[in-house]
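Engineer: fold the following for me, if possible:
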Amino acid sequence: MVRQTARMLLRPPGPNDAEAIFRRYASCPQVTRYLGWPTHQTLADTRAFISLSEHAWRTHGRGPYLAIARQTGQLVGSTGLDVETPKRAATGYVLARDAWGQGLATELLGEMIADAREFGIVRLHALVHPQHTASTRVLDKQGFACEGRLRRYQVLPNLDSSQPADVLCYARVLS
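Structural biologist: You can find the predicted model right below:
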């Protein structure tokens with residue numbers, strides 16, 4: 001399934017994307033700092049992500065999307081829907097460092113809201129580390145409400161801790 005925003009083309013990742021994903025964002029500690037998956041150390045890590053992505057698409061009809069700049073054809077990041085139940089999904093986004101500060105995350109999240117609506121999702125949520133203020137601003141801009149702090153909820157492997165961290169739960173009910 002291919003989607004388009006004003007500046008990006010969104011499509012599921014495939015095996016030929018591994019090197020670009022690894023190079024552009026998945027292996028960058030600065031980019032992956034607050035994410036729920038570990039920074040990729042090898043291309044094998046990225047290939048495993050692609051395999052999980054393909055499984056999500058086959059199983060749920062939705063999954064990760066790669067975000068490609070329409071003007072340059074360059075990979076800028078990833079987003080997607082993690083379908084949890086027929087009416088509930090989680091979302092998130094990651095952008096290559098050189099794509100930060102351009103409004104692309106807000107644009108990606110807006111497209112995931114539209115995709116969730118089309119798929120019949122009623123509740124869309126995202127978890128974010130309390131110190132990741134850039135991400136909380138994106139969620140606020142797209143009408144998500146902070147429903148609260150989930151204490152010691154999720155291990156964030158790139159924060160040098162094996163202990164679960166607090167995360168904020170942002171959600172939006174889609175009508």
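Engineer: list the contacts of the residue lying closest to Leu156 once chain neighbours are set aside.
Structural biologist: Leaving out its chain neighbours, the residue that sits closest to Leu156 by CB to CB, 6 or more residues apart in numbering is Ala165, at 5.0 Å. (C-beta placed from N, C-alpha, C; glycine too.) Contacts for Ala165 (CB atoms under 8 Å, 6 or more residues apart in numbering) come out as 129, 152-156, 159.
Engineer: drop anything exposed from those residues.
Structural biologist: Buried members of these, scored by 16 or more other CB atoms under 10 Å, are 129, 156.
Engineer: what about the strands in the chain?
Structural biologist: Using DSSP state E, the strands of the chain run over 3-4, 8-11, 64-69, 75-85, 88-95, 123-128, 145-154, 165-173.
Engineer: okay if I get those strands as a markdown table plus distance to Thr136?
Structural biologist: Shown next, in a markdown table, are the strands of the chain (distance: least, CB to CB, whole Å):
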| stretch | distance to Thr136 |
| --- | --- |
| strand 3-4 | 24 |
| strand 8-11 | 22 |
| strand 64-69 | 20 |
| strand 75-85 | 16 |
| strand 88-95 | 13 |
| strand 123-128 | 6 |
| strand 145-154 | 7 |
| strand 165-173 | 7 |
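Engineer: quick check: closest non-adjacent residue to Glu147.
Structural biologist: According to CB to CB, 6+ apart, the nearest residue to Glu147 is Cys169 (4.9 Å).
Engineer: report pLDDT for the one you found.
Structural biologist: With respect to pLDDT, Cys169 scores 98.
Engineer: if you tally nearby residues, what's the number for it?
Structural biologist: By other CB atoms under 10 Å, the residues close to Cys169 number 17.
Engineer: over to Cys146?
Structural biologist: 14.
Engineer: which residues does stretch 15-31 contact?
Structural biologist: With contact meaning CB under 8 Å, 6+ apart, stretch 15-31 is reached by 13, 32, 39-41, 43, 45-47, 49-50, 66, 74-78, 94-97, 158.
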